[in-house]
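Peer 1: Let me see the structure of the following:
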Amino acid sequence: MKKGVAIGGLILVTVIWGGGFVASDMALESMKPFQIMMVRFLLASVLMGLVSMGQRKKEAKIENRAGAIKAGMLMGLTLFAGFALQIVGLQYTTPSKNAFLTALNVVIVPFIAFVILKKKVGIKGIIGAIMAVAGVALLSLNGNLTLGIGDLSLGDGLTLICAVGFAFQIFLTGEFVKKYPAAVLNLVQMFTAFVLSTISMFVFGETDFQVTTKGWLSVLYLAVISTTICYLLQTACQKYVEETKAAIILCMESVFGTMFSIIILHEVITPRMVAGCIIILIAVIISNLSESGGEGNGENLQKAGETA
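Peer 2: Predicted coordinates for the structure are as follows:
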């Protein structure tokens, strides 16, 4: 898979995840947060299992199967943490603040890479990350570009931690997919998230299911399209796109989320929303212009060749 195709694949992921905002909103009308997560990751685990069975011959060649399982469990833990803290935090803050604070993972990923791997971040990558955050701020924050009235709430704090969880998921995906088959990682990741979601559902007493047809259809979209297909695609594409740039590209989720909200939920479009979308798109372009030349590009191409 060439790098251009991988970038296109990640953009497709953001389009589908953008529709996931609408699907989640519809599902929440008749389901509790951890009910949605449990069903979502259960179906995704089954589908990932089928995909993994189809690649059994390749998996048989894995020398460190235990390492692949541990890696997938770690990815699943960070994935669950991100989704769980996001959903719980949403109960104590506004959707716009929740969306903005979650998107801060775009500036957290480079710091994780620097601290753990001592990986330097290019100036274009830094500029792209800052512009992406600014664009999301225009899309999500109040008219005066503040989080809201008063200090950070409990929900804001939980959502900030959720951004760290998603940042680690992006970082770990980029690292582990170079060592282990994507199908194995995704199967273990989804099953781990399912187990943790099920435990949380019982702990928080969300065991009474009274789901409407619209609710089931929404969760079906989240499980099959937004989770199974998207995470398979994300994992495959991140073999060829480094973590920082992947985070910036995935930040476009807020752009498509806004577009679907306008089209399906009939939200009113404003000049500020248009400006935010444009800034995010420019940020993605700038961050990927840094691919031309340099040691980072050569290193990535070498790694891509090794995993091909």
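Peer 1: ok, and the closest non-adjacent residue to the most centrally placed residue in the chain?
Peer 2: What sits nearest the mean C-alpha location of the chain, by Cα atoms, centre = their mean, is residue 166, with 6.1 Å. The spatially closest residue to residue 166, leaving aside those adjacent along the chain, is residue 82, at 4.0 Å (Cβ to Cβ, 6 or more residues apart in numbering). Bear in mind the C-beta positions are built from the backbone N, C-alpha and C, glycine included.
Peer 1: model confidence over the host helix or strand of the residue nearest to the centre of the chain, on average?
Peer 2: Residue 166 is located in helix 154-176, with elements delineated by DSSP states H and E. Mean per-residue pLDDT for helix 154-176: 86.
Peer 1: how far does that helix sit from the chain's center?
Peer 2: Distance, stretch centre to chain centre, for helix 154-176: 9 Å (Cα atoms, centre = their mean, to the nearest Å).
Peer 1: picking up where we left off before, for the residue nearest to the centre of the chain, give me its contacts.
Peer 2: Counting by Cβ atoms under 8 Å, 6 or more residues apart in numbering, residue 166 makes contact with 78-79, 82, 102, 105.
Peer 1: Tell me where the stretch 51-200 of the chain is predicted with low confidence.
Peer 2: The model of the stretch 51-200 of the chain has pLDDT under 70 over residues 54-63, 93-100, 121, 136, 139-153.
Peer 1: Do a quick rundown of the helices in it.
Peer 2: Assigned by DSSP state H, counting those that start in this stretch, the stretch 51-200 of the chain shows helices spanning 56-59, 65-90, 95-102, 105-117, 123-140, 154-176, 182-203.
Peer 1: Quick one, which of the ones you listed gets closest to residue 246.
Peer 2: Nearest to residue 246 among those is helix 154-176; the distance by Cβ to Cβ comes to 5.9 Å.
Peer 1: Go through that closest one and flag the buried ones.
Peer 2: By 16 or more other Cβ atoms under 10 Å, the buried positions in helix 154-176 come out as 155-156, 158-160, 162-176.
Peer 1: before we move on, back to that, in contact with the residue nearest to residue 166, which residues?
Peer 2: Shown in contact with residue 82 (Cβ under 8 Å, 6+ apart): 102, 162-163, 165-166, 169.
Peer 1: out of the residues you listed, who's nearest residue 255?
Peer 2: Taking these together and measuring to residue 255 by Cβ to Cβ, the closest member is residue 102, at 14.1 Å.
Peer 1: still on that earlier bit, whichever of the contacts of residue 166 end up buried, select them in ChimeraX.
Peer 2: Buried residues within the contacts of residue 166, by 16+ other Cβ under 10 Å, are selected in ChimeraX with:
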select :78,79,82,102,105
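Peer 1: Got the phi and psi for the nearest residue to residue 210 once chain neighbours are set aside?
Peer 2: Spatial nearest neighbour of residue 210, chain neighbours left out: residue 30 (6.5 Å); criterion: Cβ to Cβ, 6+ apart. When read as degrees, to the nearest 10, the backbone of residue 30 gives phi -130, psi 0.
Peer 1: need the contacts of residue 166 in TSV with distance to residue 209, can you?
Peer 2: Listed next are the contacts of residue 166 as TSV, based on distance: Cβ to Cβ, whole Å:
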residue	distance to residue 209
78	27
79	23
82	24
102	27
105	31
